[in-house]
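Enquirer: Mind folding the following:
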Amino acid sequence: MTVYDFQIRPIRENDFPYVLAWSQDEAFCLANGWEVNRNEQELYNWWLHCVNHQSEKLLREGVEFEGRLIGYVDVADCTDMAEVGIAIGDRTLWGQGMGTHILQRQMNHTAKVFGITVFYAETHETNIRSRRMLEKVGFEEVSRVGMEAYLGTEVPLIQYRFNKEVTK
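Expert: So this is what the prediction gives:
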């Protein structure tokens, strides 16, 4: 198994050139629900809002690899449970198992800091890479509720749950 030397860190305003590059990758946009060909100023304003208005309900952190921002990981609703999500913006890294390591590390950190032991995630039925990642981490499918566009087609959503064992 490959071990990746990445860092999870706060997102920053100067990360914007990476975000802009992702926004110009149609495959990334379609896979992550981003508007294709979004206006650069509008995107910049959105990014500034993400950087400057972190909330208790959503923690978005950057993933840095080899000195560059390659994606982000989200943790939402950190009360008794949390929903997690991940986006790898650098498409050259897709399908290499990095997302699994990033998600595991973020969940371990969230469990330690917030005492969270139950995690949820959701993905599209046809997003096979995301489904495999969640299953590798230990998530189990709990329902199939809703539809959403993925790669330009309306597909069913799958909800997952993970119960983390508490270590002392």
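Enquirer: now the helices for this protein?
Expert: 16-23, 26-32, 40-52, 98-114, 128-137 (DSSP state H).
Enquirer: hmm, who's touching the third one?
Expert: With C-beta atoms under 8 Å, 6 or more residues apart in numbering as the test, helix 40-52 has contacts from 11, 12, 13, 15, 16, 19, 20, 23, 60. Where you see a C-beta, it was placed from the backbone N, CA and C, and this is true even at glycine.
Enquirer: Of these, which is the most crowded?
Expert: residue 23 (24 neighbours; other C-beta atoms under 10 Å).
Enquirer: Test for you: state the pLDDT assigned to that one.
Expert: Note on residue 23: pLDDT of 96.
Enquirer: swap in the one 4 residues further on?
Expert: The confidence metric pLDDT takes the value 91 at residue 27.
Enquirer: For it, give its distance to residue 155.
Expert: Here residue 27 is placed at a distance of 16 Å from residue 155 (C-beta to C-beta, to the nearest Å).
Enquirer: Who has more neighbours out of the two?
Expert: Between residue 27 and residue 155, counted using other C-beta under 10 Å, the more crowded position is residue 155 (16 against 11).
Enquirer: who does that one bridge with?
Expert: Counting by DSSP bridges, residue 155 is bridged to residue 148.
Enquirer: if I look at it, how far off is residue 39?
Expert: Distance from residue 155 to residue 39, by C-beta to C-beta: 27 Å.
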